[in-house]
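Student: Need a 3D model of the sequence below.
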Amino acid sequence: MLSEFRDFIARGNVMDMAVGIIVGAAFTAIVTSLVSDLINPVIALFTGGVDFSGWFYTLDGSSHASLAAAQEAGAPVFAIGRFVMAVINFVIVAFVVFGLVKLVNRIKDRALREEEPMPEQPAAPSEIELLIEIRDALKAR
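Tutor: From the prediction side, this is the model:
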């Protein structure tokens, strides 16, 4: 069993997956910061600072000043605002990731185009072929 586990771990695709997960975790922090620290403030500027996260309904009909107060009181809460904000953040993050992937693909395509070898030019006739042509042209005169 241990040798099978060692063989499984030693496979290249498992190591690639591990590296991908580690880089993905670091990338998540970057994208989250980009969205929350740079993009959301700009959106808040244009929407007048609308924040849906405080939008909630108590299922027992009680009234509370805020979502935090309702949760602290133990009221059953349908926090639709958090869901709306999660969807909005998802759309923003998905758009940012799409843009980044598109940029990386464009850079990779340019790099591949530069690395492609130039198409081979048709080979010029060799010296012997040229001499044969000259000999035949002289014979024809």
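Student: Which secondary structure state is assigned to P125?
Tutor: Under DSSP: H, G, I helix; E, B strand; the rest coil, P125 falls in the coil class.
Student: Was I right to think it contacts E133?
Tutor: Yes - look at P125 against E133 with CB atoms under 8 Å: they come within range, at 7.4 Å. To be clear about C-beta, it is placed using only N, CA and C from the backbone, and glycine gets the same treatment.
Student: Helix or strand for P41, just tell me which one.
Tutor: helix 40-47 (DSSP states H and E).
Student: and the helix or strand following that helix, what does it pack onto?
Tutor: Downstream of helix 40-47, the next assigned helix or strand under DSSP H and E is strand 57-58. If you count contacts as 3 or more CB pairs under 8 Å, 6 or more residues apart in numbering; DSSP states H and E, strand 57-58 packs onto strand 77-78.
Student: And the strand it packs on, what does it pack against?
Tutor: strand 57-58, helix 67-72.
Student: Could you give the average pLDDT over the one helix or strand A137 maps to?
Tutor: Per DSSP H and E: A137 is located in helix 127-140. For helix 127-140, the mean pLDDT works out to 88.
Student: who's in contact with that helix?
Tutor: For helix 127-140, contacts defined as CB atoms under 8 Å, 6 or more residues apart in numbering pick out P125.
Student: all numbers from here: first residue = 34
Tutor: With the count now opening at 34, the last piece we talked about shows up as helix 160-173.
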